[in-house]
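Enquirer: would you be able to build a 3D model of this:
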Amino acid sequence: MESPHLMFLKNAADGRPASSALLRDALHRLDHMLADLAGDLRITYAGPYVGLSQTPQQHQLCVAEHQWSVQERGWGVAICTSHTVHGWRAEWRLATVSRERLPLVVNALPALFAGYAAEADASPAAKRPSTRRIHEIAELFAH
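Expert: Got it, this is the predicted structure:
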């Protein structure tokens, strides 16, 4: 049986109405899950853009080792500023985005998982259990 927070996010991505508080809670749980998976795989991935209408390609979902503060560094997914020269800079965790950006992040989850699964397949970590779990999540969001 699949995790309830993943089922909730899949339904929200499919258009089922959900409150912001419940979405943020589910995204917070997903953030922890992805931190564990990404920490095991250590595969960098530039996911779908989640910029607002004025600047649609200014922010994107990125899986990488992020520097959150002077003391906090770790693998996971973040909404990053994408800059051609300076690379990605983590701006927000999944659950802490603005009310405007929240539906963009939820709707981008299927593409994030599909792309990250493909990236994992092309890496030396293709046979790891974490890659298998990413595929299970991608499959859930695909249907």
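Enquirer: which residue is the nearest non-sequential neighbour of Q67?
Expert: By the measure of Cβ to Cβ, 6 or more residues apart in numbering, the closest residue to Q67 outside its immediate chain neighbours is R73, 5.0 Å from it. For glycine as for every other residue, the C-beta is placed from the backbone atoms N, C-alpha and C.
Enquirer: just checking, which helix or strand of the chain averages the lowest pLDDT?
Expert: Every helix and strand in the chain was compared by mean pLDDT, DSSP states H and E; the lowest is strand 87-92, with a mean of 87.
Enquirer: for P17, give its distance to T96.
Expert: Distance, P17 to T96, using Cβ to Cβ, to the nearest Å: 21 Å.
Enquirer: neighbour count winner among those two?
Expert: Shown here are P17 and T96; by other Cβ atoms under 10 Å, T96 has more neighbours (15 against 6).
Enquirer: skip the chain neighbours and tell me the closest residue to the more buried one.
Expert: Closest to T96 by Cβ to Cβ, 6+ apart is R24, at 7.8 Å.
Enquirer: thought that neighbour was touching A95?
Expert: Yes: here R24 reaches A95: they are 4.5 Å apart, a contact under Cβ atoms under 8 Å.
Enquirer: so which bits of the longest strand along the chain are buried?
Expert: Scanning the chain for the strand with the most residues, using DSSP state E, yields strand 73-83. Neighbour-count burial for strand 73-83, with 16 or more other Cβ atoms under 10 Å as criterion, is recorded at W75, G76, V77, A78, I79, C80, T81, S82.
Enquirer: residue contacts, the residue nearest to the fifth one when sequence neighbours are not counted?
Expert: With Cβ to Cβ, 6+ apart as the measure, W92 is the residue that lies nearest to I79, at 4.5 Å, once sequence neighbours are left out. With contacts defined as Cβ atoms under 8 Å, 6 or more residues apart in numbering, W92 is in contact with A78, I79, R101.
Enquirer: return the member of the residues you listed nearest to M33.
Expert: A78 (14.3 Å; Cβ to Cβ).
Enquirer: the closest one and E91: what is the separation?
Expert: Per Cβ to Cβ, A78 is found 7 Å from E91.
Enquirer: with L112 instead?
Expert: Shown here: L112 relative to E91, a distance of 16 Å by Cβ to Cβ.
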